[in-house]
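S.K.: I would like to see how this sequence folds:
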Amino acid sequence: MERSFNRVGSYLVLLLAVLVLGTVAVILTEGLSPTDAFYFVVVTIATVGYGDIVPRTGAGKIVAVFLIVAGVGTFVAIFAEIIWLRDKIREIPVLFYRDHVIVCGLNEVTETLVEQFRNEQTKTVVICGKESTRDAEKFRGQSHVVLSGDPQDPGILSRAGVKNARALLALTDSDGLNAEIALSAMQNLKKRKGKPLTCILQITHPGLWKIIRERALSPVATGAVRIDFYNGPALGAQILINSYFSPLIPRWDGHSALFIVVGAGRFGESIISRAAHEWFDAKRSMLTIVLVDLHANRIRDRLRATYPHLREAVEIHAISEDVLSAGFQAPGFLKDYAHFSHALAFVCLRDDTTGLTAALALSHHLIGMDAQILVRMDHNPGLARLVQDQDTGEIPIIPFNSLSLAARSDLVLGGIREMLARAIHEQYRATVSRIAPVRADTPTDSWEELPERLRESNRLQAEDILRKIRAVGCDIIPMTDWTATAFSFTPEEIEYLAAMEHERWVKAMRDEGFSFGSVKDEEEKTHPLMVPYIELPEHEREKDRDAVRMIPRYLGLIDFQISRPRQKAPLNRKEGL
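M.R.: Numbers count the residues shown, from 1 in each chain. Okay, the predicted model is just below:
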């Protein structure tokens, strides 16, 4: 920055020299007074050219050309340097940031997250690449530090303070770029000391996810970066399907029920795959899914290639149609499906107005059915409230905001660990709800109502699940095989991992100040099970074994599965996450 100030000073000296020498040259060539000559030089350099004074000699015209070239060039250089200095001055706060969050990419998800970070008073640095200047200036107007450049460039990451950051969120719209950002951060932070940087990647392609996961866990990988993953569309789809589709499955029959998705994209594809997975697990007759999208056939083929069991659960009818076309709006658009009595439709278009138009057209197509229509409305909350409050007809239209479902700072920063912890607790609640009577000290609260100590306990259990899987030579990948929840550890692996689970629990209890006691007492912080695994009663050891057997089920709840290499690796008692 000091050299930049020196350059500005040099440019100002050059400008002064142009003014002085130009004034002298005009006096000598045109015979003007010093005042008129100086006035002519200034208006010429500024390219104003009022026309009241013009060069009349050949030499004067040559001087005027020189003034325009030299003066304008000097002005441009000064202004460019000032703009560069302005951006550098805006970056000064980063020098003092510690435990801040770096967000790569400008899009709807990052805009929502940055707003949440501001409300949480979390320092944030945004790196934008090819996104529009207007979007970048909007972030700057909200007092955020915004850097323009390639987010995978180590120099840009250094300017963002990656060495002192708490987390790096690679949330651009390109899976490949997000992967490159993570690899660049790993290279940049080889010598980082202390707590590793949490690097969250938005990866939707299962194959690329596996490649990055293997690279991050390879023996040569640095321990300075902890790679985790976020798939916003899949997470939002899971929440919607669990809320609106799963309760219908026991009452629905594949011959009378119709599932409709209008406008696919990443979110619509996630809706289809999640619904098909739920239907597959229910072992019902084939479900008919109608997919309306300009690229419907290509999307259907991609889903079939990604999920081998999809054809066993659903039949996708691909309709390549623009929702604003006359064909979609025509009364007979869904005439071939008039015999269905139940329907659930998801309109997943990115544009709110177009989505609402499609939802209203669908409401007419589905008259006579017991149906619901959910329409994505991320950008216009006023219009969404109007739809929610207004009786739009016989078929209810329910707006939803996909960003508020999945673009939450706690879920993004928590990554797989947070999602798995929540799934573990929800599975626990479902299990104890079937037990009568439930003990008074059993935590049956929802996740939001759960004490932070118990939430953190679930997080530690989730983190240890990932460590256990690696310890037996396996890993996790996004679920594409819907039978993967039937994965079984060997008896040797179960016993070994059950001992690991008990050791983890004992350590967590000690960290909270608990010690062995003949009676469980929360106030005195004593617990009778804080003994070596081999000394536990058999029924308590069986609980730890059951926890190990549940691992594939826990992962399945968040759409992940265990992957075992073809050649089974021996138990590794030292390997961790």
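S.K.: Can you tell me the SS state at I477?
M.R.: For I477, the assignment made with DSSP: H, G, I helix; E, B strand; the rest coil gives strand.
S.K.: Surely Q116 and L411 touch.
M.R.: No. Q116 is beyond contact range of L411, at 10.6 Å (criterion: CB atoms under 8 Å). For glycine as for every other residue, the C-beta is placed from the backbone atoms N, C-alpha and C.
S.K.: list residues touching both of the two?
M.R.: By CB atoms under 8 Å, 6 or more residues apart in numbering, Q116 and L411 have no common neighbours.
S.K.: Name the helix or strand of this protein that has the lowest mean pLDDT.
M.R.: Lowest on mean pLDDT, DSSP states H and E among the helices and strands of the chain sits helix 133-141, with a mean of 62.
S.K.: Please pull up the helix or strand immediately following it.
M.R.: Downstream of helix 133-141, the first helix or strand assigned by DSSP states H and E is strand 145-148.
S.K.: Now that following strand: average pLDDT?
M.R.: Mean pLDDT, strand 145-148: 86.
S.K.: Keeping just the C-alphas, turn the following helix or strand past that strand into CSV.
M.R.: Next along the chain after strand 145-148, taking DSSP H and E as the criterion, comes helix 154-159. What follows is helix 154-159, C-alpha atoms only, in CSV (Å, rounded to 0.1, in the frame of the first residue of the first chain):
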residue,chain,number,x,y,z
PRO,A,154,-3.9,-18.7,-2.9
GLY,A,155,-3.2,-14.9,-2.9
ILE,A,156,-6.9,-14.0,-2.7
LEU,A,157,-7.4,-16.5,0.2
SER,A,158,-4.4,-15.0,2.0
ARG,A,159,-5.9,-11.5,1.6
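S.K.: Tell me the buried residues in helix 154-159?
M.R.: Judged by neighbour count (16 or more other CB atoms under 10 Å), helix 154-159 contains these buried residues: 156-157, 159.
S.K.: ok, residues contacting that helix?
M.R.: The contact list for helix 154-159, computed with CB under 8 Å, 6+ apart, reads 91, 94, 102, 127, 147, 149-151, 168, 181, 184-185, 187-188.
S.K.: Relative to L28, which of the buried residues of helix 154-159 is nearest.
M.R.: For the buried residues of helix 154-159, the minimum distance to L28 (CB to CB) is 49.9 Å, reached by R159.
S.K.: any idea how far the closest one lies from I92?
M.R.: Using CB to CB, to the nearest Å, R159 is found at 11 Å from I92.
S.K.: Over to I319?
M.R.: Distance from I319 to I92, by CB to CB: 55 Å.
S.K.: what about those two, which has more around it?
M.R.: A count of neighbours by other CB atoms under 10 Å puts I319 above the other of I319 and I92, at 18 against 10.
S.K.: show me what contacts the more buried one?
M.R.: 290-293, 296.
S.K.: With T57 instead?
M.R.: Contact partners of T57, counting by CB under 8 Å, 6+ apart, are 29-30.
S.K.: Use 55 as the first number from now on
M.R.: Renumbered: residue one is now 55, and that last one reads T111.
S.K.: Does the host helix or strand of I122 pack against any helices or strands, and if so which?
M.R.: For I122, the enclosing helix or strand under DSSP H and E is helix 112-145. Counting contacts by 3 or more CB pairs under 8 Å, 6 or more residues apart in numbering; DSSP states H and E, helix 112-145 packs against helix 56-84, helix 88-99, strand 199-202.
S.K.: Which elements pack onto the shortest one?
M.R.: By that I understand strand 199-202. Using 3+ CB pairs under 8 Å, 6+ apart, strand 199-202 sits against helix 112-145, strand 178-182, helix 187-195.
S.K.: Turn the buried residues of helix 208-213 into a markdown table, columns for pLDDT and distance to A484.
M.R.: Converted to a markdown table, the buried residues of helix 208-213 look like this (pLDDT from 0 to 100; distance: CB to CB, whole Å):
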| residue | pLDDT | distance to A484 |
| --- | --- | --- |
| I210 | 90 | 46 |
| L211 | 92 | 43 |
| R213 | 88 | 48 |
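S.K.: between these, which is nearest D499?
M.R.: Set against D499, the nearest of the buried residues of helix 208-213 by CB to CB is L211 (40.5 Å).
S.K.: can you tell me how far that closest one sits from T485?
M.R.: Distance from L211 to T485, by CB to CB: 44 Å.
S.K.: burial of T544, as a residue count?
M.R.: Burial of T544 is recorded as 11 neighbouring residues (other CB under 10 Å).
S.K.: care to break this protein down by domain?
M.R.: Listed by automatic domain parsing, the domain ranges of the chain are 56-144, 151-284, 289-460, 469-617.
S.K.: Distance from the third one to the middle of the chain?
M.R.: Offset of domain 289-460 from its chain centre (CA atoms, centre = their mean, to the nearest Å): 23 Å.
S.K.: Same check on stretch 165-182?
M.R.: Put simply, stretch 165-182 sits 13 Å off its chain's centre (CA atoms, centre = their mean).
S.K.: which residues are in contact with it?
M.R.: For stretch 165-182, contacts defined as CB under 8 Å, 6+ apart pick out 147-148, 151, 153-160, 164, 189-190, 193, 196-203, 205, 210-211, 214-215, 219, 223, 225, 457-458, 461-463, 466.
S.K.: what about 6 Å?
M.R.: Under the criterion CB atoms under 6 Å, 6 or more residues apart in numbering, residues 148, 151, 154-158, 160, 190, 193, 198-202, 205, 210, 214, 457, 461, 463 lie in contact with stretch 165-182.
S.K.: Then stretch 245-257?
M.R.: By CB under 6 Å, 6+ apart, stretch 245-257 touches 221-225, 229, 232, 236, 239, 243, 263, 278-284, 466, 469.
S.K.: Comparing the domains of the chain by mean pLDDT, which bottoms out?
M.R.: The weakest mean pLDDT among the domains of the chain belongs to domain 56-144, with a mean of 73.
S.K.: Now L231: closest residue in space, sequence neighbours ignored.
M.R.: Excluding its sequence neighbours, the residue lying closest to L231 (CB to CB, 6 or more residues apart in numbering) is Q206, at 6.6 Å.
S.K.: for S238, same thing?
M.R.: Nearest non-adjacent residue to S238 (CB to CB, 6+ apart): Q206, at 4.6 Å.
S.K.: Check the spacing between the one you found and G230 real quick.
M.R.: As judged by CB to CB, Q206 and G230 stand 10 Å apart.
S.K.: Looking at these two, which is more packed in?
M.R.: Relative neighbour count places Q206 above the other of Q206 and G230, with 22 against 12, counting by other CB under 10 Å.
S.K.: and A91, what is it in contact with?
M.R.: Contacts of A91 (CB under 6 Å, 6+ apart): 77, 80-81.
S.K.: Closest to E566 out of those residues?
M.R.: Checking the contacts of A91 against E566 by CB to CB gives T77 as the nearest, at 80.4 Å.
S.K.: ok, now which ones touch that closest one?
M.R.: Contacts of T77 (CB under 6 Å, 6+ apart): 91-92, 95.
S.K.: The residue nearest to L231 is in contact with N232, isn't it?
M.R.: No. If you go by CB atoms under 6 Å, Q206 and N232 don't touch, sitting 9.2 Å apart.
S.K.: that older thread, indicate which one of the helices and strands packed on helix 112-145 is closest to P586.
M.R.: The nearest among these, by CB to CB, is strand 199-202 at 51.3 Å.
S.K.: Skipping its backbone neighbours, what lies nearest I266 in space?
M.R.: A233 (5.1 Å).
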